[in-house]
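> pasting a predicted model and its sequence here:
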Amino acid sequence: MSDHATDVLVVGGGPAATWAALKAAEAGARGVLADKGYCGTSGATAAGGTGVWYVPPEPAAREAAMASREGLGGYLADRRWMARVLDETYDRMNELAVQGRYPFPTGPDGQPLRGGLQGPEYMRRMRIRIRRAGVRILDHSPVTELLTDADGAVAGADGYRRQLRESYRVRAGAVVLATGGCAFLSGALGTNTNTGDGALFAAEAGAVLSGMEFSNAYGIAPEGTSVTKTAFYSFATLYQEDGSVLEGAASQGGRSVIARELLTGARVHARLDRADEGVRAAMRLAQPNFFLAFDRLGIDPFTDRFAVTLLAEGTVRGTGGIRITGDDCDTGVPGLYAAGDAATREEICGGFTGGGSHNAAWAISSGSWAGRGAAGHALSLGPDRAAGRPVTGAGGAGLRPTGSAADGPHHREAVALVQQEALPYDKNYLRRGDVLAASLRTLDTAWSQLRAGLHGAGADLVRARQAAAMTAHARWMYAAALARSETRGMAKRLDHPDQDPAQHHRILVGGLDRVWTGPAPRAGAAA
């Protein structure tokens, strides 16, 4: 096992992770970033383009921006956090333009347009920036567990370097979890690294989660492909298999109609026939990867009908994640911080979010705050404190079985089982209490079995931990969804279709062998 010592360890490699590493370094901390893939190309952002919640500091514009989604999110967002994110995102995007030299386009009036980013170029530049800041990058080096000291403070992590085929350890004064959400290996573009690892690590260290019921996000994708750019389908007409219009189907407010049609075994087709020539040109410029599959198949999506499906995006596009307890994105566990999709976005989105925009702004802002917070904590420990303290691994399921590993499930079996419960539309999307409860019982049994016997070595250890993380994630999701017996934000219940004023609160969830839920106080939430 190779051994490293640093002030701040950042786990992840997307926007939140790179902003955290950059700001920790600028605060004077030594940094290591460990990415499951190759930092700069892994994750959902690097695979496409994204809008950004970038609003000039004009009172009327800021007010409109904050008010625009409060109702959609069930009035669970916090205006103070919204304002903080708008301020931080505005400054960081301008920094990216000047110091990062990102080539933002200009409008007809010559003013720069900073409301969007091309993922590949954005992440390429962020990798360059953190390397120049002195951050050491460990590519293809998934973390497998956090380390804690005798007082329970997080003190680093263990992992496995895929290409070198060796284990490694990073002793650190503080850790930032920016591992993304969980899409359950659904095949959605850029989510193959998003298996909920950070949430599992945080829970094992004693952190709790929030908003996990807001996790039934599904994106529209052409059948047989992975690109879920659902916003483009606002220009689409959706059709039944016989060519007639599928009434009520839409990208916003009508995806449940698509899901129900697909559940019958019938196919659903789309055609982007509501886009005029100007919009078509703008779409190709904004999201060129959306059109790659069509071009290769000889399909013109503006004139030809093509089959579509829905791919689960879970907490990648959903809202829930690790609960943060302070302005610096600490988790309540000493030395542990969370950012990006790994952390709950309820502070700015409440119970609803979509692709890009708020998500991208949250990654930039929370990453910056977490990096600075982690640096401050690590430096307060004094020189060489991180390297000198005894540490213990916090990991459990998939790593330290409580029973006989010989009798345990294989990681492939564990993944297949959780996908059977988390991916189907009639379980996770079109939710009913009795179905949720049955799935949760199945998942609880699966957890008990993998906790007792799931294990692996080397690369198989990474896969075993991913299976454990996905299973834990699904259990937290469904427990929270059962606790919210109403429809609010994304958390829609067919058996409770109305909003209940008595449930105007966030729901906390935690636990591993036994999952618990409870209401969180509404301090600061919008009226």
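Cool, got the structure.

> C-alpha from now on. contacts and neighbour counts both.
Will do.

> the nearest residue to residue 334 once chain neighbours are set aside - how many residues pack around it?
Closest residue to residue 334 apart from its sequence neighbours, by C-alpha to C-alpha, 6 or more residues apart in numbering: residue 153 at 4.7 Å. For residue 153, the neighbour count with other C-alpha atoms under 10 Å is 18.

> quick check: residue 153 touching residue 333?
Yes. Residue 153 lies in contact with residue 333 (C-alpha atoms under 8 Å); the separation is 6.5 Å.

> may I see the buried residues of stretch 325-343?
Neighbour-count burial for stretch 325-343, counted by 16 or more other C-alpha atoms under 10 Å, picks out 328-331, 333-343.

> before we move on, back to that, quick check: the residue nearest to residue 334 vs residue 115, distance?
The spacing between residue 153 and residue 115, counted by C-alpha to C-alpha, to the nearest Å, is 39 Å.

> just for the stretch 251-400 of the chain, where's the confidence low?
In the predicted model of the stretch 251-400 of the chain, residues 386-387 satisfy pLDDT under 70.

> what ranges does it have for its helices?
255-263, 277-286, 292-297, 314-317, 346-349, 358-380, 385-388 (DSSP state H, counting those that start in this stretch).

> and the contacts of the third one?
By C-alpha atoms under 8 Å, 6 or more residues apart in numbering, the list of residues contacting helix 292-297 from outside reads 225, 300-301.

> would you mind giving the helices of the stretch 251-400 of the chain as TSV with distance to residue 398 and mean neighbour count added?
Below are those laid out as TSV (distance: least, C-alpha to C-alpha, whole Å; neighbours: other C-alpha atoms under 10 Å):
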stretch	distance to residue 398	mean neighbour count
helix 255-263	33	18
helix 277-286	41	12
helix 292-297	37	12
helix 314-317	22	30
helix 346-349	30	27
helix 358-380	28	27
helix 385-388	27	18
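
> list the contacts for residue 300?
Residues touching residue 300, when contacts are defined by C-alpha under 8 Å, 6+ apart, comprise residue 294.

> now residue 488
By C-alpha under 8 Å, 6+ apart, the residues touching residue 488 are 73-74, 351, 498-499.

> pull the helix or strand with minimum mean pLDDT from the chain.
With mean pLDDT, DSSP states H and E as the measure, the helix or strand of the chain carrying the lowest mean pLDDT is helix 385-388 (a mean of 71).

> in the stretch 51-200 of the chain, where is pLDDT below threshold?
The model of the stretch 51-200 of the chain has no residue with pLDDT under 70.

> give the buried residues for the lengthiest helix in the chain.
Taking DSSP state H as the assignment, the helix of the chain that covers the most residues is helix 459-483. Buried residues in helix 459-483, defined by neighbour count with 16+ other C-alpha under 10 Å: 459, 461-483.

> could you give the mean pLDDT of it?
Here helix 459-483 scores 97 as its mean pLDDT.

> the helix or strand just after that helix - contacts with which helices or strands?
Proceeding N to C from helix 459-483, the next assigned helix or strand is strand 506-510, under DSSP states H and E. Helices and strands touching strand 506-510, as assessed by 3 or more C-alpha pairs under 8 Å, 6 or more residues apart in numbering; DSSP states H and E, comprise strand 209-210, helix 459-483, strand 516-520.

> and strand 506-510 with helix 459-483, angle?
Compare the direction of strand 506-510 with that of helix 459-483 by axes from the mean of the first three to the mean of the last three C-alpha atoms, to 10 degrees and you get 140 degrees.

> make 15 the starting number, not 1.
From this message on, residue numbering opens at 15, which makes the last subject strand 520-524.

> partner strands of strand 520-524, with direction?
If you go by DSSP bridges, strand 520-524 pairs up with strand 223-224 (antiparallel), strand 530-534 (antiparallel).

> right, I'll call it a day here.
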